[in-house]
Structure formats: C-alpha cells, structure tokens
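Participant: okay, structure incoming, though there's no sequence with it:
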C-alpha cells in the first residue's frame, strides 16, 4: 500500500482549471478539484495507493481598498464578486473529507493596479493611445506571502515523519525544488503535475516523474459543462 499525499498550489490550480474547464460556481470548482486529485489515486495501474490527505495552499481573498488609476477611485474588494466566490470556495473545501487548508496571506499593503503587459507594448509602440485605455487594460498586482514556505515545510514534515511514501505536487513553480530534492534523498517518490503547463528542462532532474490528469482535449471533469474560459 503506497500512502500518497497530494499538495495543491491553489492559485496555480484555479488559474489552470479556469483555462481548461471554464468559469464555474465555488461548489463545482471544489468538487472538480476533489475529483481531479482522486484520479491520481484511482488511475494507478500497478500500485495500490491510499490517499493520506490533500493539502491545499492559498491565500484568503482580499478585503481591503485599492485605488484604481483609470477610474480614479478606491475599489472595495470586500464587496466584489471575486471576494464572495473565493470565500465560498474555501468554505466548500473545508467540508471535503481528507482536505487540509494551508493559508498564507496577501501583501495587501503593496497591492496596486498595473497596466497589462500586452497593453503596455501597444502603448510603447504607438499602436494604442493613453486615451483608449479601459478597465480591461488593468490588472490587480498583489503578491502571496507564506504559501511557498508552507509547501516546503509540509514536504519536509511528511518526509521526516515518514507519513507518506509518495508526494504528488500540483504546481508549475520551481520554488519547490529544494524541498523535492530533500524528499527524494529520504526515499520519497516525488511526482509533479504541472497541468500541461510547460516547465523548465532542468526541473526533471529533481523529480521522480511527471504526470497530469488533464486530458488531451479537456472537458468538464464532471462531464456536464462546456468550458467557458479562455481556452
């Protein structure tokens, strides 16, 4: 019996899930994530796997005011649809069996609206004038704090306490490499699932394998919906 822990970089998963499966309700996204993780256990061919726990890492939604330079006013994020969706999504995950939430925080003191890179290139090339800017040309820039640290700490804890035989990390970030190397030295089978996101070639030497449960032609994991996202 191979005890398996699944670690999910929440911001990464939500972005990729939106791309592949579209914009869905908080409950549906939570059910979709649960189903996605369980496929890593059920689809094993040669090994008998047992799910130890799913660790989900993310930050609580922002509930502060941020000034929008185009609209020339403060935006109250505590009253936005994004805040309510995220809050409801976390509540759904809390009630999932064998799910553990690990929350970092957002650097709200540094949050600001910035012009999208694509728009900035147009402005600099003269293909677009400042007077043509709209809300869609701006994006909120806010950094996560403590998420990568919590992932690293849990990888180390699971490894040294011998609580699992295998760790599956759903992420596209290279910050996990030191913890992955440590886990492998202790005999842990370390698998990366980048959800079809390209990763650097040198990352392969620090993992024991890479596999994803995103099908070649993704559809809703529940089989009922047509994706409405950016794909």
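Facilitator: Looks like it came in fine. A quick note: this is a predicted structure, and the numbers were derived from the prediction, not measured. Numbers count the residues shown, from 1 in each chain.

Participant: and the biggest helix by length in the chain, which residues are buried?
Facilitator: If you go by DSSP state H, the chain has its longest helix at helix 26-42. Under the neighbour-count criterion of 16 or more other Cβ atoms under 10 Å, helix 26-42 has 26, 28-34, 36-37, 40-41 buried. C-betas here are computed from N, CA, C, even on glycine.

Participant: show me where this protein has strands.
Facilitator: For the chain, the strands defined by DSSP state E cover 2-9, 49-58, 65-68, 73-76, 99-103, 105-106, 112-115, 138-141, 144-145, 166-170, 189-193, 209-210.

Participant: okay, those, which one's buried deepest?
Facilitator: Highest mean neighbour count among those (mean count of other Cβ atoms under 10 Å): strand 166-170, with a mean of 25.

Participant: separation between residue 69 and residue 54?
Facilitator: Computed as Cβ to Cβ, to the nearest Å, the residue 69 to residue 54 distance reads 40 Å.

Participant: what does residue 104 give?
Facilitator: 17 Å.

Participant: how about residue 144?
Facilitator: Relative to residue 54, residue 144 is positioned 19 Å away (Cβ to Cβ).

Participant: and for residue 112?
Facilitator: Here the criterion is Cβ to Cβ. By it, residue 112 lies 33 Å from residue 54.

Participant: could you dump the strands of the chain to TSV with mean pLDDT?
Facilitator: Shown next, in TSV, are the strands of the chain (pLDDT from 0 to 100):
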stretch	mean pLDDT
strand 2-9	96
strand 49-58	95
strand 65-68	95
strand 73-76	94
strand 99-103	96
strand 105-106	92
strand 112-115	95
strand 138-141	94
strand 144-145	91
strand 166-170	96
strand 189-193	95
strand 209-210	90
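
Participant: quick one, which of those strands gets closest to residue 86.
Facilitator: Each of the strands of the chain has some distance to residue 86 by Cβ to Cβ; the shortest is strand 49-58, at 8.4 Å.

Participant: packing partners for that closest one?
Facilitator: strand 2-9, helix 10-21, helix 26-42, strand 99-103, helix 147-160 (3 or more Cβ pairs under 8 Å, 6 or more residues apart in numbering; DSSP states H and E).

Participant: so how far is stretch 183-201 off the chain centroid?
Facilitator: Put simply, stretch 183-201 sits 15 Å off its chain's centre (Cα atoms, centre = their mean, to the nearest Å).

Participant: hmm, who's touching it?
Facilitator: 2, 12-13, 16, 20, 40, 155-156, 158-160, 164-172, 174, 180, 203, 206-214 (Cβ atoms under 8 Å, 6 or more residues apart in numbering).

Participant: give me the buried subset of these.
Facilitator: For the contacts of stretch 183-201, a neighbour count by 16+ other Cβ under 10 Å gives the buried set as 12-13, 16, 20, 40, 155, 158-159, 164-172, 180, 203, 206-207, 212-214.

Participant: can you list the strands of the chain in TSV and add distance to residue 129?
Facilitator: Converted to TSV, those look like this (distance: least, Cβ to Cβ, whole Å):
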stretch	distance to residue 129
strand 2-9	38
strand 49-58	38
strand 65-68	19
strand 73-76	23
strand 99-103	42
strand 105-106	33
strand 112-115	13
strand 138-141	16
strand 144-145	34
strand 166-170	42
strand 189-193	43
strand 209-210	45
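
Participant: nice, that's everything, thank you.
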